[in-house]
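>>> only the shape, not the letters, is given here:
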């Protein structure tokens with residue numbers, strides 16, 4: 001509101017992108033439709049959507065990663081001020097025994113986020129391609145949250 005420059009948004013954008021869920025190596029064939037939405041206001045990007053995994057064609061290994069529509073901003077020094085924890089929920093994916101929650105960590109300077117499992121009184125562990133079932137084409141990953149670009 002208002003007519004002064006101080007009242008104007010310096011950057012506003014809404015859109016969609018086709019997410020890429022991948023392993024540290026190899027490929028995962030996604031089912032469809034897999035279209036995420038985003039809203040970018042200044043340097044804050046809010047993302048959300050769900051991914052259908054056509055798991056019979058998984059050749060990926062290692063940690064599961066999701067690519068973002070914009071690169072994640074780098075923090076100054078070791079402040080961790082730009083790191084983000086984004087909500088993640090799954091359907092029909094084998095989680096490790098004792099897993100109590102999932103999240104996507106988006107690290108400063110990266111253009112992707114890594115999926116992690118949380119455990120009671122234990123360290124986090126990557127959600128890996130090994131957690132995906134090769135004979136189940138009804139596996140879903142839901143992601144919702146925000147991160148900073150600069």
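Everything's here; your move. Quick caveat: nothing in here was measured; it's all calculated off a predicted structure. Numbers count the residues shown, from 1 in each chain.

>>> centre of the chain to the lowest-mean-pLDDT helix or strand in the chain, how far?
Using mean pLDDT, DSSP states H and E, strand 21-22 stands out as the lowest-scoring helix or strand of the chain, at a mean of 88. Relative to its chain's centre, strand 21-22 lies at 10 Å (CA atoms, centre = their mean, to the nearest Å).

>>> and what of stretch 124-137?
Relative to the chain's own centre, stretch 124-137 is displaced by 15 Å; criterion: CA atoms, centre = their mean.

>>> kindly report the same for stretch 30-45.
For stretch 30-45, the distance to the chain centre is 10 Å (CA atoms, centre = their mean).

>>> now swap in stretch 103-121 and tell me
Relative to its parent chain, stretch 103-121 has a centroid offset of 8 Å by CA atoms, centre = their mean.

>>> and the contacts of the least confident helix or strand of the chain?
28, 30, 51, 53, 60, 64-67, 141 (CB atoms under 8 Å, 6 or more residues apart in numbering). In this view, the C-beta of every residue, glycine as well, is placed from N, C-alpha and C.

>>> from those residues, which land in strands?
51, 53, 65-67, 141 (DSSP state E).

>>> of the residues you listed, which pair is most distant in space?
Across these, the longest distance by CB to CB is 15.0 Å; it joins 53 and 67.

>>> sorry, back to before: tell me which helix or strand comes right after the least confident helix or strand of the chain.
Of the helices and strands lying after strand 21-22 in sequence (DSSP states H and E), the nearest is strand 36-41.
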